[in-house]
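Take a look and give me a structure for this.
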Amino acid sequence: MENSTELLSQKLGNSTTSTLLPDLSDYMDYRLYLADFYHAKKSQTRASIRPYSYAIFSAAADIKSPNYLKMIIEGKRNLSNDMISKFGKACGLNKAQGEEFRLLVSFNQAEDPADRNYGLKKLSEYRVEQKLKLGELDRKVFEKVPNWIGWIIFAMVDQAGVNFKIPQLKELLRGKASETEINHALESLIKSGELVRDEATGEIKKGQLTDAPEEIPSALVRKLQMQLMYLGLESLYQDAPAEREFGSLTLAMTEKEFEELKFKLRQLRKSLHKDNSIARMNAKGERVYQLNLQLFPVSNSNKKFNA
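Next up is the predicted model:
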């Protein structure tokens with residue numbers, strides 16, 4: 001009897017390790033994550049006496065409806081705050097993963113574009129923080145990468161009338177950052193050598209870096225780009241049309257045309273940066289502006305349909 005139980009245990013053990021459960025951090029759609037989780041659990045328990053089912057998930061989530069998960073996956077229902085916690089529990093998520101799942105659901109279910117963008121920003125920032133805590137990202141490298149506050153403060157060296165006192169920087173940053181955040185960003189730039197403070201006069205200048213830049217993790221690049229793009233979204237609602245220039249163009253292109261346009265945008269960015277650098281050698285600027293060049297797909301290729 002003992003040998004039979006051991007053989008059964010080994011059999012079930014082998015079946016449950018054949019398919020790994022999906023990693024929540026790999027997903028931008030919580031319904032797709034739930035679908036993959038469900039299919040992985042079914043695959044793991046295929047040879048079990050009681051294979052995984054929608055009813056088993058509902059029981060684990062303390063939900064009366066046996067097909068609730070199926071309705072969520074198919075987009076027929078949304079998750080309430082209470083259900084988010086129950087689903088996280090049924091998926092075996094820990095506290096940190098449960099919060100990530102909540103942010104992912106909030107982002108996916110947001111209907112207003114502004115709310116959706118804000119949800120994506122919060123999710124992105126949370127995932128970076130978790131990677132730092134788990135050691136998946138090097139904190140030393142992370143601290144060398146300026147956030148949006150540091151990015152703008154660095155550009156303020158070329159703005160006239162900036163004394164780099166914290167209260168003034170807070171006002172110039174339009175109250176979007178706290179004095180603590182501003183001070184941390186400024187000191188980080190000085191510590192890295194990107195900015196240099198004259199001990200005698202207190203004047204802030206751009207530094208001369210000689211060390212080759214370390215490879216920056218893509219997660220940190222995405223976080224910075226998200227922050228800068230979110231500033232653009234805020235400007236759309238906060239600034240008068242005369243103070244900004246927003247435009248959009250939606251095009252159908254071939255892959256070759258897309259690559260050519262990408263090249264032109266990169267050349268334009270380099271040209272604008274060069275012209276601005278030359279201009280700032282002669283006179284300081286009046287304000288700091290953010291220019292975002294965005295080119296991204298909004299439809300899938302139809303190649304697979306025509307194959």
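
When you work out contacts or count neighbours from here on, use the C-alpha atoms and nothing else.
Will do.

Where does the prediction get shaky in the stretch 1-150 of the chain?
1-19 (pLDDT under 70).

try it again with 50
1-17 (pLDDT under 50).

Just the helices from it, written as ranges.
2-16, 30-44, 54-60, 68-73, 81-90, 95-109, 113-133, 139-144, 148-155 (DSSP state H, counting those that start in this stretch).

Can I get the third one in PDB, CA atoms only?
So that's helix 54-60. Extracted C-alpha coordinates of helix 54-60, given in PDB (Å, rounded to 0.1, in the frame of the first residue of the first chain):
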ATOM      1  CA  TYR A  54     -13.400  26.300 -13.500                       C
ATOM      2  CA  ALA A  55     -15.400  24.900 -10.500                       C
ATOM      3  CA  ILE A  56     -12.200  24.200  -8.600                       C
ATOM      4  CA  PHE A  57     -11.000  27.800  -9.200                       C
ATOM      5  CA  SER A  58     -14.300  29.200  -8.000                       C
ATOM      6  CA  ALA A  59     -14.100  27.100  -4.800                       C
ATOM      7  CA  ALA A  60     -10.500  28.400  -4.200                       C
END
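
Need the residues that contact that helix.
Tyr38, Lys64, Ser65, Pro66, Asn67, Tyr68, Leu69, Lys70, Lys89, Ala90 (C-alpha atoms under 8 Å, 6 or more residues apart in numbering).

Export the helices of the stretch 1-150 of the chain to JSON lines and append columns for distance to Arg244.
Below are these laid out as JSON lines (distance: least, C-alpha to C-alpha, whole Å):
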{"stretch": "helix 2-16", "distance to Arg244": "57"}
{"stretch": "helix 30-44", "distance to Arg244": "35"}
{"stretch": "helix 54-60", "distance to Arg244": "51"}
{"stretch": "helix 68-73", "distance to Arg244": "41"}
{"stretch": "helix 81-90", "distance to Arg244": "38"}
{"stretch": "helix 95-109", "distance to Arg244": "27"}
{"stretch": "helix 113-133", "distance to Arg244": "18"}
{"stretch": "helix 139-144", "distance to Arg244": "31"}
{"stretch": "helix 148-155", "distance to Arg244": "17"}
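
quick one on the thing from earlier: now distance to Gly150 too, for the contacts of helix 54-60, in a markdown table please.
Conversion of the contacts of helix 54-60 to a markdown table gives the following (distance: C-alpha to C-alpha, whole Å):
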| residue | distance to Gly150 |
| --- | --- |
| Tyr38 | 43 |
| Lys64 | 51 |
| Ser65 | 50 |
| Pro66 | 51 |
| Asn67 | 49 |
| Tyr68 | 46 |
| Leu69 | 44 |
| Lys70 | 46 |
| Lys89 | 39 |
| Ala90 | 41 |
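
and the two most separated of these?
Taking C-alpha to C-alpha as the measure, these span a maximum distance of 17.8 Å, between Tyr38 and Lys64.

Phe296: which of the helices of the stretch 1-150 of the chain is closest?
Using C-alpha to C-alpha, the helices of the stretch 1-150 of the chain put helix 113-133 closest to Phe296, at 15.6 Å.

circling back to that earlier point, ranking by neighbours, what's the top pick from the contacts of helix 54-60?
Leu69 (24 neighbours; other C-alpha atoms under 10 Å).

Tell me the buried residues in the longest helix seen in the chain?
Scanning the chain for the helix with the most residues, using DSSP state H, yields helix 255-282. Of the residues in helix 255-282, Phe258, Lys262 count as buried by neighbour count, 16 or more other C-alpha atoms under 10 Å.
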